[in-house]
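Student: Could you work out the structure for the sequence below:
(one chain, ligands or ions: 1)
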Amino acid sequence: MTVFDDDALHAMLAGIPQWSGDSKGISRTVEAADFRTAIMIVDDVAEAAEEANHHPDIDIRYRTLTFHLSTHSAGGVTSADVDLARSIDAIVNSHGATSDT
Ligand SMILES: C[C@H](O)[C@H](O)[C@H]1CNC2=NC(N)=NC(=O)C2=N1
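Tutor: Residues are numbered from 1 along each chain as shown. Model (predicted):
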């Protein structure tokens, strides 16, 4: 899988504006209504990750979740990360969570 260089990544990030990062990895932090909702989001993301065979690193702090995406095997950010970012955005939206800014 092709790793995005800085220019390509910058262009990709324009399509997933809630994500930021660099060529090593991208991340997004969200805040859920409560801890249970945060864990439900993690559970749904786990399903999406298994389906895609592509897995995020997830940091859980009470109701704040941070998702980190990179393609370990490729050593950078690839289209698999951008695809999973879009899936995570949809899941987060479906649970009414918002970006923690
Ligand atoms: C064997 C299996 O396909 C690999 O280990 C997959 C699983 N999930 C993965 N997830 C991520 N983020 N990067 C990978 O390189 C990766 N590799």
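Student: drop to CA atoms for contacts and neighbour counts, all remaining ones
Tutor: Fine.
Student: what about the top helix by length along the chain, average pLDDT?
Tutor: The longest helix of the chain (DSSP state H) is helix 35-52. The average pLDDT within helix 35-52 is 98.
Student: For it, buried residues please.
Tutor: Using 16 or more other Cα atoms under 10 Å as the burial criterion, the residues of helix 35-52 that qualify are 35, 37, 38, 39, 41, 42, 44, 45, 46, 48, 49.
Student: same thing with stretch 52-61?
Tutor: Using 16+ other Cα under 10 Å as the test for burial, stretch 52-61 gives 54, 55, 56, 58.
Student: from those residues, which are also near the ligand?
Tutor: Intersecting these with the surroundings of the ligand, defined as Cα under 6 Å from any ligand atom, gives 54, 55, 56.
Student: now these in JSON lines, with secondary structure?
Tutor: Shown next, in JSON lines, are these (DSSP: H, G, I helix; E, B strand; the rest coil):
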{"residue": "54", "secondary structure": "coil"}
{"residue": "55", "secondary structure": "coil"}
{"residue": "56", "secondary structure": "coil"}
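Student: With just CA atoms, put the helix or strand that comes right after the longest helix of the chain into PDB.
Tutor: Next along the chain after helix 35-52, taking DSSP states H and E as the criterion, comes strand 57-61. Provided in PDB are the C-alpha atoms of strand 57-61 (Å, rounded to 0.1, in the frame of the first residue of the first chain):
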ATOM      1  CA  ASP A  57      -5.000   2.800  18.300                       C
ATOM      2  CA  ILE A  58      -7.600   4.100  20.700                       C
ATOM      3  CA  ASP A  59      -7.100   6.100  23.800                       C
ATOM      4  CA  ILE A  60     -10.000   6.100  26.300                       C
ATOM      5  CA  ARG A  61     -10.200   8.800  29.000                       C
END
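Student: Which strands or helices does strand 57-61 pack on?
Tutor: Applying 3 or more Cα pairs under 8 Å, 6 or more residues apart in numbering; DSSP states H and E, one finds that strand 57-61 contacts strand 64-69.
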